[in-house]
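Visitor: starting from these lines, generate the structure:
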Amino acid sequence: MKEQLKIYEEKMDKTIDSLMNDYASIRAGRANPHVLDKIKVDYYGTPTPIQQVGNISVPEARMILIQPWEKSLLKAIEKAIQTSDLGINPNNDGSCIRLIFPELTEDRRKELAKDVKKKGENAKVAVRNIRRDANDTFKKMQKNDEISEDDLKDAEEKIQKITDKAIEKIDKAVENKTKEILTV
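Guide: Model (predicted):
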């Protein structure tokens, strides 16, 4: 039964990790190299993450500098950024690409904050679904006389504690990201 609990706890942790990755790609007025994580560049016919074809740095608070290891990749990187949903026009100076992030408007900040809350709610739903699956599994085990009724109650209490902890982490993440977005 302990290994069952561990499996469900790991599933909840993966849900939280996924949420954190989503949050890392949301830009909050400051340049964050993680906004490029999902963008792939055509590298000799193979879609390759930008991080693997050049050096990415943040020289200023609202600028990302991409220096490709091969100058021939400048056009491919520029095209990949333009076709992405990043919404920023890359500046190509012949040796590197600069992404300059404009200040977010208040409306855009509120929109992003709503999006953050929605993603948080979706993560909570996923965690609750994992809890339900766990409880169903334990009830089946009890029905098949694999565990006693006391063990069932114990397992349900433990999975509830794990769920509460996961929900708390999600709430904290939502709160922190919302604060980051709304801070001008």
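Visitor: from now on I want contacts and neighbour counts done on CA atoms only, so please keep to that.
Guide: OK.
Visitor: which elements pack onto the lengthiest helix in the chain?
Guide: Counting residues, the longest helix found in the chain (DSSP state H) is helix 106-143. Contacts defined by 3 or more C-alpha pairs under 8 Å, 6 or more residues apart in numbering; DSSP states H and E place helix 106-143 against helix 2-24, helix 149-182.
Visitor: dump those helices into JSON lines; add mean pLDDT, distance to residue 100 and mean neighbour count as well.
Guide: Formatted as JSON lines, the helices and strands packed on helix 106-143 follow (pLDDT from 0 to 100; distance: least, C-alpha to C-alpha, whole Å; neighbours: other C-alpha atoms under 10 Å):
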{"stretch": "helix 2-24", "mean pLDDT": "91", "distance to residue 100": "18", "mean neighbour count": "16"}
{"stretch": "helix 149-182", "mean pLDDT": "93", "distance to residue 100": "18", "mean neighbour count": "17"}
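Visitor: report the contact partners of the closest residue to residue 36 other than its chain neighbours.
Guide: In this structure, residue 36 finds its nearest non-sequential neighbour in residue 50, 7.0 Å apart by C-alpha to C-alpha, 6 or more residues apart in numbering. Residues near residue 50 by C-alpha atoms under 8 Å, 6 or more residues apart in numbering: 36-37, 39-41, 77.
Visitor: format the helices and strands packed on helix 106-143 as TSV; extra columns: distance to residue 88.
Guide: Below are the helices and strands packed on helix 106-143 laid out as TSV (distance: least, C-alpha to C-alpha, whole Å):
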stretch	distance to residue 88
helix 2-24	17
helix 149-182	18
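Visitor: and residue 107, which of these is closest to it?
Guide: Residue 107 lies closest to helix 149-182 among the helices and strands packed on helix 106-143, at 10.2 Å (C-alpha to C-alpha).
Visitor: quick check: angle from the closest one to helix 2-24?
Guide: Computed with axes from the mean of the first three to the mean of the last three C-alpha atoms, to 10 degrees, the direction of helix 149-182 lies at 10 degrees from that of helix 2-24.
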